[in-house]
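Engineer: Mind folding the following:
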Amino acid sequence: MTPETRRGYAKGRARRTEILDQAMALFGEAGYRGASLRVIATRCGISHPGLLHHFPTKEALLLAVLQRRDDVDDAWLAPSVIRGVEHLRRLTDLAELNAQRRGIVELFSVVAAEATSPDHPAHAYFENRYRTSVANTERAYAEAREDGALRPDTDPATAAQQLIALMDGLQIQWLISDCATDMAGVLRAHVRAQLTVEF
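Structural biologist: Down below sits the predicted model:
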């Protein structure tokens, strides 16, 4: 590969990152349906056809933005490495991380609400994401029970649905309160009450 080719690839990656950043901001501000590819292109200082070179459709751009968030979260949770109480701890730590990235929280909250409609392009994405999130959290609770760390009256399946719902509900409260809600603190108190070990 020539130096010119490497520079071209680097420039393309940088442009793609800029487009994702601007799309994330606009989807968070206006929602998926209210956002325009032309506005995103203008914010990036490129033409509409220039944006389409990187992302041929608005749906492709949205899914790339959502995937980018998942890549960060998956690295944080490391589902193949951590288990049980440590997985639950990482979920509460994730809320602390989210408190430093308002744009991502706003994007997720707005688009998740829009995606309840079956014809929304991200409907299948969120359907799968919630199914996976609940299943992984249920597994963590079940592992905590196997380790003797879960209170006997706590059902892993119910606890998993409650925790995921609480996380998302707290994100909305946090946004509305202008970031005053202590998302991580509330989550830690909730999980601590379900465990028999220090958390």
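Engineer: For the protein, give me the ranges with low pLDDT.
Structural biologist: Low-confidence segments of the chain (pLDDT under 70): 1-8, 78-80.
Engineer: Can you show me the helices along it?
Structural biologist: For the chain, the helices defined by DSSP state H cover 3-34, 37-44, 48-54, 58-77, 84-98, 102-114, 123-146, 156-176, 183-192.
Engineer: Need the ones you listed in a markdown table (columns: distance to residue 199 and mean neighbour count).
Structural biologist: (Glycine included, C-beta is placed from N, CA and C.) Converted to a markdown table, the helices of the chain look like this (distance: least, Cβ to Cβ, whole Å; neighbours: other Cβ atoms under 10 Å):
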| stretch | distance to residue 199 | mean neighbour count |
| --- | --- | --- |
| helix 3-34 | 31 | 15 |
| helix 37-44 | 42 | 17 |
| helix 48-54 | 44 | 15 |
| helix 58-77 | 17 | 16 |
| helix 84-98 | 7 | 19 |
| helix 102-114 | 23 | 19 |
| helix 123-146 | 10 | 17 |
| helix 156-176 | 13 | 17 |
| helix 183-192 | 4 | 18 |
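Engineer: Which stretch among the ones you listed approaches residue 198 most closely?
Structural biologist: helix 183-192 (8.4 Å; Cβ to Cβ).
Engineer: Identify the residues contacting that closest one?
Structural biologist: The contact list for helix 183-192 (Cβ atoms under 8 Å, 6 or more residues apart in numbering) reads 88-89, 91-93, 95-96, 98-99, 162-163, 166-167, 170-171, 173-174, 199.
Engineer: again, 10 Å this time
Structural biologist: With Cβ atoms under 10 Å, 6 or more residues apart in numbering as the test, helix 183-192 has contacts from 85, 88-89, 91-99, 105, 140-141, 144, 154, 159, 162-163, 166-167, 169-171, 173-174, 182, 198-199.
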